[in-house]
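> Would you be able to build a 3D model of this:
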Amino acid sequence: MNHPNSISVSLMILTWDGSESLEPCLQSVACQTRLPEEVVIVNHGIGDGDKTMMQRFHTDFPIPIIHVEDIDSMPGLAATCNKALKAVRSDYIIHIDQYCILEKHFVSDHLKLAEPGYFVTGSCGMIGETLSKRILNGKPVNLHLFKPGIKNYFTNLRIPFLSGIFSHRVSDPHKIQKFLCVCNMAFWRKDLFEVNGYNQEVNGMGPGNTELAIRLLHHGIHIKQVRLSAVQMHLSHPENVPNNTDQSDNNLWESFISGVSVCENGIDTRSLKLSDTEEIDLTGIIYTCNDEAHIKEAIKSIDFVNEIFVVDFNSRDRTAETARSLGAIVIQKNSSSVSTGINDMVPQPQHRWLLLMNANERIPMPLRREIILTLKEDPEEVGFLMPRIHYFLEKRIRYSGVRNDRVSRLIRKDHFTLDIEPDLRGIRLDGLVGYLNSNMIHSVMGTSEEYFNKLSHEVDLEIHNSRKVEGTIHAYHMVVKPFFRFIYYLFLRGALLDGVAGLTISFFEAHRLRLRYMKLWMKQKSLPVHDDIH
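Residues are numbered from 1 along each chain as shown. You can find the predicted model right below:
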């Protein structure tokens, strides 16, 4: 580990609304026992009065102040932060926002925790509204642990010799939200450049820092949470932080499940397509039905293939239109069978190899690279099995019947058949089968209504394609069998070990069986069976 005094450090302060809080923040920086080499002010929109104040600080401040702004083009917070990263000259960067008041050992405590292979997230005490107004009005205030108006008692304690013991070290992205303090983070500069900085497709300070932290974890950089040191107070302020959008939420979740560490639109705007992909004899085929919420990211995850077909089965939303706008070739099928739809269109692709996937599946970067390298060697195999990991309710599913799940998705187009199935489970290969090591991602997300509608549609396909002749259906089929299906998934397939998500999966599996028998009973009674019955 580097000695703290040997590490060059820059303090990056993000300001976005011309707040008067920047002055007390800078005053607390000037009082540090270990001054940073420089202060970088990331200006995302401040007024003339604040500029005058900063000019005064430029003259009197004990260390250099670098002012980074991009007001003319207003590119967004992430773009301004990336511009600031290019201006930073130190090895280590501590990132705070304008509402932070730093305890005098804040920088030195951070440097004691600086360790290669880790980034640091802080914890902060909160200053109440009344006390915040006194500080912002320039009235002298002696901040101490027992000062009335100071909240979060435990996070204000500073016991340096215990801080190393109680600093949590986390490598699991699933726990990121629990530990992250987005107004106080510290990084090695080289780590930020390796993941291409802030993702400019994600809006807002909180989502931007969270998405960056997720990619750092994917890159193998672990997180360390500050405890009992590096104390900061956070002024109470109106909710005027640049906020997140629905698109940012989608990007945040896609970063979480993708396993990708390098963003495309960051410090350098660069494509993640590999330069030699034109040599890969590969077509992507995506199976969809009412997948407007998923199709964009599905297509984006296979943008390294030479052509993309979207086989759409009776979608009633904008799935087909969205796919066409992204350059995919859309083939709409009225068939209720995926096998019929895909087998009919297999002669159309120009390439020998096919990559089949559902709209809620993703090909993350490690699997993308392995597919490209595998096909460049002209393998003798006629298809490859790849491991698939599952997310449900934004939680990694490790049991619930999905352990050791491998699926056939990379196949030679002249060496496979697709049996009658409601999805891609019926792929059969007629030759040597190989194995890939990198994971495919399967993510089930959306509202309960969307999931129930999807479940109802899948049951309709199962009924349509079933060759089994059902006898008389009564209460045993619609009550007793679903109950035992629930017990079977919960205990025998290990869903209980997945917690609430596993319990929900068990319920849905039982509901799927009940719904199947209910629709079959309605058909036997010649009652109308609507698509929206669930």
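
> what does the lengthiest strand in the chain rub up against?
Assignment by DSSP state E gives strand 383-392 as the longest strand of the chain. Applying CB atoms under 8 Å, 6 or more residues apart in numbering, the contact partners of strand 383-392 are 257, 361, 367, 374, 396-397, 400, 402, 404-412, 415-416, 427, 429, 431, 433-445, 501, 504-505. Backbone N, C-alpha and C define where each C-beta goes, glycine included.

> For the very next helix or strand once past that strand, name the packing helices and strands.
Downstream of strand 383-392, the first helix or strand assigned by DSSP states H and E is strand 395-397. Contact partners of strand 395-397 among helices and strands, from 3 or more CB pairs under 8 Å, 6 or more residues apart in numbering; DSSP states H and E: strand 383-392, helix 499-524.

> would you turn those into CSV with mean neighbour count, distance to Phe483 and mean pLDDT?
Shown next, in CSV, are the helices and strands packed on strand 395-397 (neighbours: other CB atoms under 10 Å; distance: least, CB to CB, whole Å; pLDDT from 0 to 100):
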stretch, mean neighbour count, distance to Phe483, mean pLDDT
strand 383-392, 20, 22, 90
helix 499-524, 19, 7, 90
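
> With distance to Ile135 as extra columns, can I get those in TSV?
TSV is the format used below for those (distance: least, CB to CB, whole Å):
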stretch	distance to Ile135
strand 383-392	44
helix 499-524	42
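
> Could you say which one of these comes nearest to Phe304?
strand 383-392 (15.3 Å; CB to CB).

> Indicate each strand paired with the closest one and its parallel or antiparallel sense.
Strand 383-392 has the following strand partners under DSSP bridges: strand 395-397 (antiparallel), strand 406-412 (antiparallel), strand 433-435 (parallel), strand 440-444 (parallel).

> Quick check: mean pLDDT of the first one?
The reference is to strand 395-397. Strand 395-397 carries an average pLDDT of 83.

> Buried ones in that strand, by neighbour count?
Ile397 (16 or more other CB atoms under 10 Å).

> Kindly report the same for stretch 218-231.
His218, Ile221, Ile223, Lys224, Gln225, Val226, Arg227, Leu228, Ser229, Ala230, Val231.

> Dump it to CSV, restricted to CA.
Extracted as CSV, the C-alpha positions of stretch 218-231 are listed here (Å, rounded to 0.1, in the frame of the first residue of the first chain):
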residue,chain,number,x,y,z
HIS,A,218,-17.4,-5.2,-13.0
HIS,A,219,-13.8,-4.2,-13.8
GLY,A,220,-12.6,-5.9,-10.6
ILE,A,221,-12.2,-2.8,-8.5
HIS,A,222,-13.8,-3.4,-5.1
ILE,A,223,-15.6,-0.9,-2.9
LYS,A,224,-14.5,0.2,0.6
GLN,A,225,-17.0,2.2,2.7
VAL,A,226,-15.6,4.8,5.2
ARG,A,227,-16.5,4.3,8.8
LEU,A,228,-15.2,6.3,11.8
SER,A,229,-13.0,8.6,9.7
ALA,A,230,-13.2,11.1,6.7
VAL,A,231,-16.1,12.8,8.4
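
> quick check: mean pLDDT across that stretch?
Averaging pLDDT along stretch 218-231 gives 86.

> Which SSE is immediately downstream of the helix or strand of the chain with the lowest mean pLDDT?
Least confident element among the helices and strands of the chain, by mean pLDDT, DSSP states H and E: helix 338-345 (a mean of 56). Using DSSP H and E, the helix or strand that follows helix 338-345 in sequence is strand 353-358.

> Walk me through which strands that next one pairs with, and which way each runs.
Applying DSSP bridges, one finds strand 353-358 paired with strand 282-288 (parallel), strand 406-412 (antiparallel).

> so where's the stretch 151-300 of the chain shaky on pLDDT?
153, 170-178, 238-254, 258, 269-279 (pLDDT under 70).

> hey, where'd the helices end up in it?
160-166, 176-179, 189-194, 205-218, 246-258, 292-301 (DSSP state H, counting those that start in this stretch).

> Show me what the first one is packed up against.
When contacts are defined as 3+ CB pairs under 8 Å, 6+ apart, helix 160-166 sits against helix 106-113.

> what's the following helix or strand after the helix it packs on?
Next element after helix 106-113 (DSSP H and E): strand 118-121.

> avg pLDDT for that following strand?
92.

> Next: stretch 77-87.
90.

> Identify each buried residue in it, please.
Leu77, Ala78, Ala79, Thr80, Cys81, Asn82, Lys83, Ala84, Leu85.

> contacting residues around the closest residue to Lys413 other than its chain neighbours?
Leaving aside its sequence neighbours, Lys413 sits nearest to Leu354 (CB to CB, 6 or more residues apart in numbering; 5.0 Å). Contacts here follow CB under 8 Å, 6+ apart; on that basis Leu354 touches Leu282, Thr283, Gly284, Ile285, Val346, Leu410, Ile411, Arg412, Lys413.

> returning to that earlier point: pipe the strands paired with strand 353-358 into a markdown table and attach distance to Leu490 per row.
Formatted as a markdown table, the strands paired with strand 353-358 follow (distance: least, CB to CB, whole Å):
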| stretch | distance to Leu490 |
| --- | --- |
| strand 282-288 | 29 |
| strand 406-412 | 24 |
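
> Which one of those strands lies nearest to Lys151?
That would be strand 282-288 among the strands paired with strand 353-358, by CB to CB, at 49.3 Å.

> send the alpha carbons of that closest one over as CSV?
Presented in CSV, the C-alpha positions along strand 282-288 are these (Å, rounded to 0.1, in the frame of the first residue of the first chain):
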residue,chain,number,x,y,z
LEU,A,282,-22.7,-14.4,-37.8
THR,A,283,-26.4,-13.4,-37.8
GLY,A,284,-28.4,-12.4,-34.7
ILE,A,285,-32.0,-13.5,-34.4
ILE,A,286,-34.2,-12.1,-31.6
TYR,A,287,-37.5,-13.6,-30.7
THR,A,288,-40.1,-11.0,-29.5
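
> Please renumber the chain so that the first residue is 57 from this point on.
In the new numbering, first residue 57, that becomes strand 338-344.

> How far off centre is that strand?
Relative to its parent chain, strand 338-344 has a centroid offset of 23 Å by CA atoms, centre = their mean, to the nearest Å.

> Go through the buried residues of stretch 274-287 and say which is closest to Glu159.
Nearest member of those to Glu159, counting by CB to CB, is Val287, at 4.0 Å.

> Touching, that closest one and Gly181? I think so.
Yes: in this structure, Val287 is within contact of Gly181 by CB atoms under 8 Å, at 6.8 Å.

> what sits in contact with each of those two?
With CB under 8 Å, 6+ apart as the test, Val287 and Gly181 both reach Thr211, Asn212.

> what residues are up against Ile519?
With CB under 8 Å, 6+ apart, Ile519 has these contacts: Arg572, Lys575, Leu576, Lys579.

> tell me which element it falls in.
Assigned by DSSP H and E, Ile519 belongs to helix 504-521.

> and that helix, C-alpha only, in PDB?
C-alpha atoms of helix 504-521 as PDB (Å, rounded to 0.1, in the frame of the first residue of the first chain):
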ATOM      1  CA  SER A 504     -46.500  -7.100 -12.300                       C
ATOM      2  CA  GLU A 505     -49.100  -6.300 -15.000                       C
ATOM      3  CA  GLU A 506     -46.500  -6.700 -17.800                       C
ATOM      4  CA  TYR A 507     -45.300 -10.000 -16.300                       C
ATOM      5  CA  PHE A 508     -48.800 -11.400 -15.900                       C
ATOM      6  CA  ASN A 509     -49.600 -10.500 -19.500                       C
ATOM      7  CA  LYS A 510     -46.400 -12.200 -20.700                       C
ATOM      8  CA  LEU A 511     -47.200 -15.300 -18.600                       C
ATOM      9  CA  SER A 512     -50.700 -15.500 -20.100                       C
ATOM     10  CA  HIS A 513     -49.300 -15.300 -23.600                       C
ATOM     11  CA  GLU A 514     -46.800 -18.100 -22.900                       C
ATOM     12  CA  VAL A 515     -49.500 -20.300 -21.500                       C
ATOM     13  CA  ASP A 516     -51.500 -19.700 -24.700                       C
ATOM     14  CA  LEU A 517     -48.500 -20.900 -26.700                       C
ATOM     15  CA  GLU A 518     -48.100 -23.900 -24.600                       C
ATOM     16  CA  ILE A 519     -51.800 -24.900 -25.000                       C
ATOM     17  CA  HIS A 520     -51.700 -24.200 -28.800                       C
ATOM     18  CA  ASN A 521     -48.500 -26.300 -29.300                       C
END
